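Undergrad: Give the three-dimensional model of this entry:
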Amino acid sequence: MNDSIRVLIADDHLIVREGLRLILETADGIEVVGEATDGAEAVQLAQALQPNVILMDLRMPNVDGLTAIERLRAGQPQVAVVILTTYNEDDLMMRGLRAGARGYLLKDTDRETLLNTIRAAARGETLLKPEILARLLSQPEKPRGGIELTERELEVLQAVARGERSKEIAAQLGITERTVKAHLAGIYNKLGVDSRAAAIAVASQRGLLPTDK
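TA: Down below sits the predicted model:
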């Protein structure tokens with residue numbers, strides 16, 4: 001079990017926690033190490049249990065998910081947070097990504113997507129469901145505010161938005177993985193983010209990604 005992905009579930013609804021636990025306990029290589037009913041408990045259990053991934057509801061009593069994500073980013077940045085969200089929470093999703101979450105899932109997502117997203121988050125990657133990305137891209141654009149990406153940075157960013165890994169991007173563009181990572185570092189710096197999910201969220205709001213994908 002040493003190589004298992006350790007998952008903490010944070011949601012104030014018992015039925016949601018039980019449903020997620022049931023799915024995750026039947027998956028190879030994933031171990032549910034705990035459950036939290038609000039953001040404060042999620043932060044405390046993260047410190048005690050050292051999970052690799054936290055499934056975080058945004059709307060919880062006492063301390064909400066957004067505040068918990070900010071606290072985790074400051075105190076335990078190595079923990080990958082995946083937001084649990086619903087269709088009517090686009091603004092909260094964006095705020096959660098900017099706060100440091102690596103990805104997001106709809107609460108009615110299918111088992112395969114849930115598992116793939118958790119595994120991607122544990123690897124430091126992001127998998128985005130097309131319909132969620134489409135909703136982010138459909139939001140009103142904000143001024144770019146002086147953000148200028150190079151042509152190659154835009155190519156890398158668009159590939160990331162399609163869910164491609166660094167190895168795949170490198171092969172597609174004819175460059176090394178190290179160069180891809182260097183471009184990503186430049187993109188993160190210009191957008192003021194530190195993850196792929198946050199970069200996609202901010203870039204979509206700033207009109208830096210095509211809306212016909």
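Undergrad: any idea how far Ile169 is from Ile9?
TA: 32 Å (CB to CB, to the nearest Å). All C-beta atoms are positioned from the backbone trio N, CA, C, and that covers glycine.
Undergrad: Between these two, which is the more surrounded one?
TA: A count of neighbours by other CB atoms under 10 Å puts Ile9 above the other of Ile169 and Ile9, at 26 against 23.
Undergrad: Which helix or strand in this structure has the lowest average pLDDT?
TA: Here the helix or strand of the chain ranked lowest by mean pLDDT, DSSP states H and E is helix 130-137, holding a mean of 63.
Undergrad: Check what pLDDT the residue positioned nearest the centre of the chain gets.
TA: For the chain, the residue sitting closest to the mean C-alpha position, by CA atoms, centre = their mean, is Gly103 at 1.4 Å. Per-residue confidence (pLDDT) for Gly103: 83.
Undergrad: So, low pLDDT: which residues of the protein?
TA: Counting by pLDDT under 70, the chain contains low-confidence ranges at 1-2, 87-88, 127-146, 211-213.
Undergrad: ok, which stretches of it are helices?
TA: All helices of the chain, identified by DSSP state H, fall at 14-25, 39-49, 65-75, 90-99, 111-122, 130-137, 151-161, 166-173, 177-191, 196-205.
Undergrad: tell me the most buried of those helices?
TA: helix 196-205 (a mean of 24; mean count of other CB atoms under 10 Å).
Undergrad: Dump that one to CSV, restricted to CA.
TA: The C-alpha coordinates for helix 196-205 follow below in CSV (Å, rounded to 0.1, in the frame of the first residue of the first chain):
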residue,chain,number,x,y,z
ARG,A,196,-1.9,23.9,-15.1
ALA,A,197,-5.5,24.1,-13.9
ALA,A,198,-5.0,27.7,-12.7
ALA,A,199,-3.3,28.6,-15.9
ILE,A,200,-6.2,27.3,-18.0
ALA,A,201,-8.7,29.1,-15.8
VAL,A,202,-7.0,32.5,-15.9
ALA,A,203,-6.1,32.2,-19.6
SER,A,204,-9.7,31.4,-20.6
GLN,A,205,-10.9,34.4,-18.7
